[in-house]
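S.K.: sequence and predicted structure are below.
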Amino acid sequence: MELGELRAVSARQKWTSEAREFTPWLFQNIEQLNEAIGVELEVENMEVACGPYAADILAKDTGTGKYVVIENQLERTDHDHLGKALTYVSVLDASTIVWIATEFTEEHIKALDWLNDHTTEDISFYGVQIELWQIDDSKPALKFQVLSKPNEAVRQAARTKSSEELSDSKKFQFDFWTKLRAKLEKTKRIPSLQSPAPQYWYNIALGRAHCHLSITCNTDQNTVGVRVYIGNKVVDTILPYLETKKEEIEKMIGQKLLWNPNPQNRDKIIVLHHVTDFDNEKKIEEALDWLVEYTIRFQDAFRKALLQMNGQMNSSLTSK
């Protein structure tokens, strides 16, 4: 079997202009960045004014509801873009900077790492290198290489310390998600996992903006659940399509699901619940194992359906 030659392709061959081509492309294809950094972002606007300058993309982290600034650079990183990014995040009261460039200097990687280690848990910095690769004469393939991100070990220690001040229920949720995250990491089936927080939900990206997995822990009702959460911006398109795949999806998951159990809500969910007993350590462990199993089943089934949907939409656009 002959092997092809793998070679790097300049990003400028696809996007000659950062502002006119790459930024609009990323705005329409934010799912690929979401998967790389493990954060579910919903884009809000492009070229957002900040005094005499403008932030390339303003997005929102669906897990926290806080703003995220994305700064693009189709060239080697420089101090000017780092300074602008810090300005944008302060003016727009954002919690995260995602700095994208085709090449990062060692000094800028160290700067981002230092900022992640010396700022509060509420502030995050990502350095993402954009790469295009080609085999022989194939179409270029995109890869987002994450070179800098929040240090999970440092932040876990800070969260553990701060959890001592939480209420009993919030502390339980924090500990529960910490254990779930560790179990999911061991499976190596989900590449990027968010940090645990003292709340009743834990989100996992599905590779589609405004649509993600939301794992729940209801201590009042002694239930856990896995649900697909579909935001109102895309619900009129995504929910009807997924309903056409209902039989196939439920077969892959191995269970009947609750489809849109709260029809009065604008945001929609597709959910599966499991009854447990949070006063029983054995039942808690069983609930965690159940969540791991069905989180992976949900991810496999719904990612497949969403990829099929994207393929059909792209084919339709190409035919036109």
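M.R.: The structure has been received and is ready for your questions. Numbering: from 1, shown residues only.

S.K.: can you map out the helices along the stretch 151-300 of the chain?
M.R.: Here the stretch 151-300 of the chain has its helices, by DSSP state H, counting those that start in this stretch, at 152-162, 168-187, 235-244, 246-253, 281-319.

S.K.: reformat those helices into CSV and put mean neighbour count, mean pLDDT and distance to residue 146 next to each item.
M.R.: The C-beta positions use only the backbone N, C-alpha and C, and glycine is treated the same way. Output for these, formatted as CSV (neighbours: other CB atoms under 10 Å; pLDDT from 0 to 100; distance: least, CB to CB, whole Å):
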stretch, mean neighbour count, mean pLDDT, distance to residue 146
helix 152-162, 13, 59, 13
helix 168-187, 16, 92, 16
helix 235-244, 15, 94, 27
helix 246-253, 15, 96, 29
helix 281-319, 15, 85, 20
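
S.K.: take those helices and write them to TSV, including distance to residue 199.
M.R.: Below are these laid out as TSV (distance: least, CB to CB, whole Å):
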stretch	distance to residue 199
helix 152-162	12
helix 168-187	6
helix 235-244	23
helix 246-253	25
helix 281-319	15
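
S.K.: to residue 121, which of these lies closest?
M.R.: Of all the helices of the stretch 151-300 of the chain, helix 152-162 sits nearest to residue 121, with 5.2 Å by CB to CB.

S.K.: strands along this protein, start to end?
M.R.: Per DSSP state E, the chain carries strands over the ranges 6-9, 41-50, 53-61, 67-76, 96-103, 124-135, 141-148, 201-208, 211-218, 223-230, 258-259, 268-275.

S.K.: got CSV for those strands, with distance to residue 305 and mean neighbour count too?
M.R.: Listed next are the strands of the chain as CSV, based on distance: least, CB to CB, whole Å; neighbours: other CB atoms under 10 Å:
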stretch, distance to residue 305, mean neighbour count
strand 6-9, 31, 12
strand 41-50, 20, 16
strand 53-61, 24, 20
strand 67-76, 27, 21
strand 96-103, 27, 22
strand 124-135, 27, 20
strand 141-148, 22, 15
strand 201-208, 10, 22
strand 211-218, 11, 21
strand 223-230, 10, 22
strand 258-259, 13, 15
strand 268-275, 11, 18
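
S.K.: ok, residue 37 - how many residues close by?
M.R.: Neighbours of residue 37 under the rule other CB atoms under 10 Å: 21.

S.K.: next one: the one 3 residues further on
M.R.: Neighbouring residues of residue 40 were enumerated by other CB under 10 Å; the total is 30.

S.K.: got the end-to-end distance for stretch 9-20?
M.R.: The straight-line separation of the ends of stretch 9-20 (CA to CA, to the nearest Å) is 20 Å.

S.K.: hmm, I was thinking of stretch 246-261
M.R.: Stretch 246-261 has its terminal residues 15 Å apart, counting by CA to CA.

S.K.: where among the strands of the chain is average confidence lowest?
M.R.: Lowest mean pLDDT of the strands of the chain: strand 201-208, a mean of 84.

S.K.: ok, which of the strands of the chain comes nearest residue 169?
M.R.: That would be strand 211-218 among these, by CB to CB, at 10.0 Å.

S.K.: what's the closest one in contact with?
M.R.: Strand 211-218 has contacts (CB atoms under 8 Å, 6 or more residues apart in numbering) with 40, 62, 173, 176-177, 180, 200-206, 223-231, 234, 238, 269, 291, 295, 298-299, 302, 306.

S.K.: now do stretch 179-188
M.R.: Contacts of stretch 179-188 with the rest of the structure, by CB under 8 Å, 6+ apart, involve 190, 193, 195, 196, 202, 215, 288, 289, 291, 292, 295, 296.

S.K.: quick check: the farthest pair among those?
M.R.: So, the contacts of stretch 179-188 by CB to CB: farthest apart are 195 and 289, at 21.4 Å.

S.K.: in this structure residue 59 contacts residue 37, no?
M.R.: No - counting by CB atoms under 8 Å, residue 59 stays clear of residue 37, with 11.2 Å between them.

S.K.: can you redo the contacts of stretch 179-188 as a markdown table with distance to residue 143?
M.R.: As requested, the contacts of stretch 179-188 are exported to a markdown table (distance: CB to CB, whole Å):
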| residue | distance to residue 143 |
| --- | --- |
| 190 | 18 |
| 193 | 20 |
| 195 | 24 |
| 196 | 28 |
| 202 | 27 |
| 215 | 28 |
| 288 | 33 |
| 289 | 33 |
| 291 | 30 |
| 292 | 28 |
| 295 | 25 |
| 296 | 24 |
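
S.K.: what is in contact with residue 59 and residue 37 at once?
M.R.: Residues touching both residue 59 and residue 37 (CB under 8 Å, 6+ apart): there are none.
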